[in-house]
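Peer 1: requesting a structural model of the entry that follows:
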Amino acid sequence: MGIFSRTRDIIAANVTDLLDKAEDPAKMIRMIIMEMEETLIEVRASAARTIADQKELRRHIAKLETLQDSWKEKAELALSKDREDLAKAALVERQKAADMGEQLTSEIAVLDDALRANEEDISKLQAKLREARARQNTITTRLEAANNRIRVREAYAGTRVDEAFARFDMLDRRVDLAEGRADALGLGAAPKSLEEEIAELKSNEKVDAELEALKAAVKKG
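Peer 2: Prediction:
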């Protein structure tokens, strides 16, 4: 069963209200657009039939006008031959053709009204269809953005993040092992030689002398 029962329902429909009440707005807007497109096709088909009917009626009216002219000529011929009875009968037939032409003309006027109504309906349906398609684009964009946010949050809260941090921990452990190996190479190093120790004492003496000189300079200042 369709959402709308007739063209007027579509024209009067509030698309926003329909979507607000829908459990699945994306599905609802697709259904709305589909039904609008189908209704638009039907209204255009109705307008095409109306135009075809008008053309057919105008052909009949043209034939009736030709027939009226023919009966008039026959009436004139009968009068010229002093056959008033035949002239009168011809004029009666001419009047029948005229009456039929007037009736068909009034039918064309009715069809004109129907065609104008179809044109208005087509214009309004097209406007509603544009509105629905615009809402569909908005809904699609919002839905895509929401899905992207969900994927990002799932990525942060999921096992992939835990696995990444586990890999970081593994790298830290490898660095610790490398540093441990470097430190271990310094363990058990050979003791300093006598010359090295004496040179170190001389160096310390120089440093101490410079320190005392600096202290004296500071006091004088």
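Peer 1: helices or strands up against the lengthiest helix in the chain?
Peer 2: The longest helix of the chain (DSSP state H) is helix 84-157. Contact here means 3 or more C-beta pairs under 8 Å, 6 or more residues apart in numbering; DSSP states H and E; on that basis helix 84-157 packs against helix 7-12, helix 15-21, helix 25-80. Heads up, the C-betas are built off the backbone N, CA and C, glycines and all.
Peer 1: okay, those in TSV with mean neighbour count and mean pLDDT next?
Peer 2: Output for those, formatted as TSV (neighbours: other C-beta atoms under 10 Å; pLDDT from 0 to 100):
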stretch	mean neighbour count	mean pLDDT
helix 7-12	16	84
helix 15-21	13	83
helix 25-80	15	94
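Peer 1: can you lay out these as TSV showing distance to residue 142?
Peer 2: Output for the helices and strands packed on helix 84-157, formatted as TSV (distance: least, C-beta to C-beta, whole Å):
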stretch	distance to residue 142
helix 7-12	24
helix 15-21	11
helix 25-80	9
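Peer 1: and those: which comes nearest residue 96?
Peer 2: helix 25-80 (8.7 Å; C-beta to C-beta).
Peer 1: quick one: that closest one to helix 84-157, angle?
Peer 2: If you take axes from the mean of the first three to the mean of the last three C-alpha atoms, to 10 degrees, helix 25-80 sits at 170 degrees to helix 84-157.
Peer 1: quick check: domain ranges of the chain?
Peer 2: Split into domains by automatic domain parsing, the chain comes to 7-157, 164-185+194-220.
Peer 1: what's stretch 39-56 in contact with?
Peer 2: By C-beta atoms under 8 Å, 6 or more residues apart in numbering, the surrounding residues in contact with stretch 39-56 are 4, 7, 10, 108, 111-112, 114-115, 118-119, 121-122, 125-126, 129.
Peer 1: how does it look with 7 Å?
Peer 2: 7, 10, 108, 111, 114-115, 118, 121-122, 125-126, 129 (C-beta atoms under 7 Å, 6 or more residues apart in numbering).
Peer 1: with distance to residue 67 added, can I get the residues you listed in a markdown table?
Peer 2: As requested, these are exported to a markdown table (distance: C-beta to C-beta, whole Å):
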| residue | distance to residue 67 |
| --- | --- |
| 7 | 40 |
| 10 | 45 |
| 108 | 18 |
| 111 | 22 |
| 114 | 27 |
| 115 | 27 |
| 118 | 32 |
| 121 | 37 |
| 122 | 37 |
| 125 | 42 |
| 126 | 43 |
| 129 | 47 |
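Peer 1: put the buried members of the residues you listed into a PyMOL selection.
Peer 2: To isolate the buried members of the contacts of stretch 39-56 in PyMOL, using 16 or more other C-beta atoms under 10 Å:
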select buried, resi 7+10+111+114+115+118+121+122+125+129
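Peer 1: what sits against residue 28?
Peer 2: 18-19, 22.
Peer 1: could you find the closest non-adjacent residue to residue 64?
Peer 2: residue 101 (4.2 Å; C-beta to C-beta, 6 or more residues apart in numbering).
Peer 1: quick one: residues contacting that neighbour.
Peer 2: Counting by C-beta under 7 Å, 6+ apart, the residues that residue 101 touches are 61, 64-65.
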